[in-house]
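Student: quick check, what structure comes out for this input:
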Amino acid sequence: MIRNVIAVHRLPCSELQGLTSDLAANHILDAGEDMHIQVPAKLSYNSKVVNNVTLWDTKLVFRTCPEPDVVGHYAYRLQLANSTVIVLGSSERPYPVTTSSTSINDNLSDSQLNEITVSFTDNRKPL
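Tutor: Alright, predicted model coming up:
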């Protein structure tokens with residue numbers, strides 16, 4: 001089964017107030033920003049137990065040409081190649097943390113794309 005991330009959309013977390021996870025996924029797709037990623041993006045997650053609560057650390061890394069605004073709290077909708085949809089974030093804390101990295105390479109054959117990393121920790125398993 002292929003589980004590559006083939007599409008990423010995002011929307012400010014404040015616009016998801018009162019929506020369930022399924023409704024949030026549709027709202028992000030309809031009203032959110034398409035991130036125009038280099039396919040596939042990398043998604044990884046792992047679990048840890050803190051005070052008898054299982055927490056899931058999720059990390060999404062993708063490359064994109066336009067440098068997105070990383071200020072503020074955004075929820076992300078991920079589309080996998082097998083049609084699975086994953087939502088990272090909601091209108092409530094904890095929020096995903098987004099960082100951007102830009103490299104100016106000395107070799108013309110190296111990638112000039114911006115690398116975006118989204119980190120998210122929650123008590124719900126991402127898949």
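Student: can you list the residue ranges for strands in this protein?
Tutor: Secondary structure of the chain (DSSP state E): strands at 5-12, 33-34, 42-50, 53-64, 74-80, 85-88, 97-101, 114-122.
Student: go through the fifth one and flag the buried ones.
Tutor: Spelled out, that is strand 74-80. Buried residues in strand 74-80, counting neighbours by 16 or more other C-beta atoms under 10 Å, are found at 74-80. Where C-beta positions appear, they are placed from N, C-alpha and C, glycine not excepted.
Student: pLDDT below threshold where in this structure?
Tutor: 1-2, 109-110 (pLDDT under 70).
Student: what's the closest non-adjacent residue to the residue positioned nearest the centre of it?
Tutor: Compute the mean C-alpha point of the chain, and by C-alpha atoms, centre = their mean the closest residue is Y76, 4.4 Å away. Residue nearest to Y76 in three dimensions, not counting chain neighbours: L88, with 4.4 Å by C-beta to C-beta, 6 or more residues apart in numbering.
Student: C65 now?
Tutor: For C65, the nearest residue in space outside its immediate sequence neighbours is L113; the separation is 5.8 Å by C-beta to C-beta, 6+ apart.
Student: how about R124?
Tutor: Distances taken as C-beta to C-beta, 6+ apart place W56 nearest to R124, at 6.7 Å, with adjacent residues excluded.
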